[in-house]
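Novice: need a 3D model of the following:
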Amino acid sequence: MRALYVLCVVVVWALEGVRAAPAGQEPASEEEVNVLMFGVLQFSESLRHTFQSTEAKLARLANAVRNTEVLVRQLDQQTLQAKQAEAQIKEGIHHLQAQTADLKSTAEQTKGKVQLVEQGDLELKTKLMELDSTLKMANPDSVRLLKEDVQKHSRILRDLLDWTQHQKQSLQLQSQQLTQLQKQASTVKLKCNF
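Specialist: Numbering: from 1, shown residues only. Here you go, the predicted model:
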């Protein structure tokens with residue numbers, strides 16, 4: 001805008017110079033005025049071209065800045081999503097580790113109970129063998145009482161065997177679950193490392 005103002009002042013000054021020359025000087029010739037006007041026109045054309053190219057460069061620069069801002073916002077959003085995913089994965093790992101520890105504890109407790117029941121079963125079998133040998137040497141009334149005791153112990157033994165079998169199946173199921181949780185935990189850890 002300032003250049004346009006300067007241009008107008010030069011044109012007016014040149015025209016004034018042609019109309020009224022100071023005292024004692026000759027007015028500028030028409031050829032000089034034409035050369036001056038041609039120079040002014042070239043200067044104005046150059047200013048217009050510079051203004052347009054600068055304006056285009058500024059538009060491209062503004063567009064590049066907007067695109068960069070959009071990319072930065074997208075990167076910020078992706079970073080936030082990655083942090084949230086990482087937090088969820090860590091929470092999942094902690095949850096799996098807690099479940100694994102609980103299953104290990106339950107498996108150890110069940111294993112101990114199964115061993116106690118098996119030991120009780122062995123003791124009952126030993127007692128039954130002793131009772132059987134005592135029965136062979138005892139009188140009929142004591143045999144009947146012993147027979148009732150044996151049947152009672154036999155029912156208890158069957159119940160214990162059923163319970164032991166159930167506990168073994170439960171222990172196997174817990175062992176399978178523990179193995180699956182360990183696989184999941186290692187899979188999640190591998191994903192976190194990438």
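Novice: does K113 belong to a helix, a strand or coil?
Specialist: Recorded secondary structure, K113: helix (DSSP: H, G, I helix; E, B strand; the rest coil).
Novice: residue contacts, it?
Specialist: Q167 (C-beta atoms under 8 Å, 6 or more residues apart in numbering). Just so you know, the C-beta spots here come from the backbone N, C-alpha and C atoms, and that holds for glycine as well.
Novice: how about the helices in the chain?
Specialist: 2-19, 30-137, 140-193 (DSSP state H).
Novice: is it possible to export the ones you listed to a markdown table including mean pLDDT?
Specialist: Output for those, formatted as a markdown table (pLDDT from 0 to 100):
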| stretch | mean pLDDT |
| --- | --- |
| helix 2-19 | 60 |
| helix 30-137 | 86 |
| helix 140-193 | 80 |
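Novice: can you pull up the most central residue in this protein?
Specialist: What sits nearest the mean C-alpha location of the chain, by C-alpha atoms, centre = their mean, is A85, with 2.0 Å.
Novice: if I look at it, how far off is L96?
Specialist: As judged by C-beta to C-beta, to the nearest Å, A85 and L96 stand 16 Å apart.
Novice: same check on L36?
Specialist: According to C-beta to C-beta, L36 and L96 sit 88 Å apart.
Novice: go on, V117?
Specialist: With C-beta to C-beta as the criterion, V117 and L96 are 31 Å apart.
Novice: with neighbour numbers in mind, choose between the two.
Specialist: A count of neighbours by other C-beta atoms under 10 Å puts L96 above the other of V117 and L96, at 20 against 17.
Novice: now do the contacts for the closest residue to that one other than its chain neighbours.
Specialist: Nearest residue to L96 in three dimensions, chain neighbours excluded: A185, at 4.5 Å (C-beta to C-beta, 6 or more residues apart in numbering). By C-beta under 8 Å, 6+ apart, A185 lies in contact with 93, 96-97, 100.
Novice: of those residues, buried ones?
Specialist: 93, 96, 100 (16 or more other C-beta atoms under 10 Å).
Novice: touching, the second one and Q184? I think so.
Specialist: The reference is to L96. Yes - the criterion here is C-beta atoms under 8 Å, and L96 meets it with Q184 at 5.7 Å.
Novice: go ahead and confirm I93 touches K189.
Specialist: Yes - the pair I93 / K189 is scored as a contact, 6.7 Å apart, by C-beta under 8 Å.
Novice: buried ones in stretch 172-183, by neighbour count?
Specialist: 174, 178, 181.
Novice: find the nearest non-adjacent residue to the first one, please.
Specialist: It stands for Q174. Closest to Q174 by C-beta to C-beta, 6+ apart is A107, at 4.8 Å.
Novice: measure that neighbour to L122 for me?
Specialist: From A107 to L122 the distance is 22 Å (C-beta to C-beta).
Novice: who's more crowded, those two?
Specialist: More neighbours surround A107 than the other of A107 and L122, with 18 against 10 (other C-beta under 10 Å).
Novice: dump the residue contacts of the more buried one.
Specialist: 171, 174-175, 178 are the contacts of A107 under C-beta under 8 Å, 6+ apart.
Novice: before I go, just wanted to say thanks for your time.
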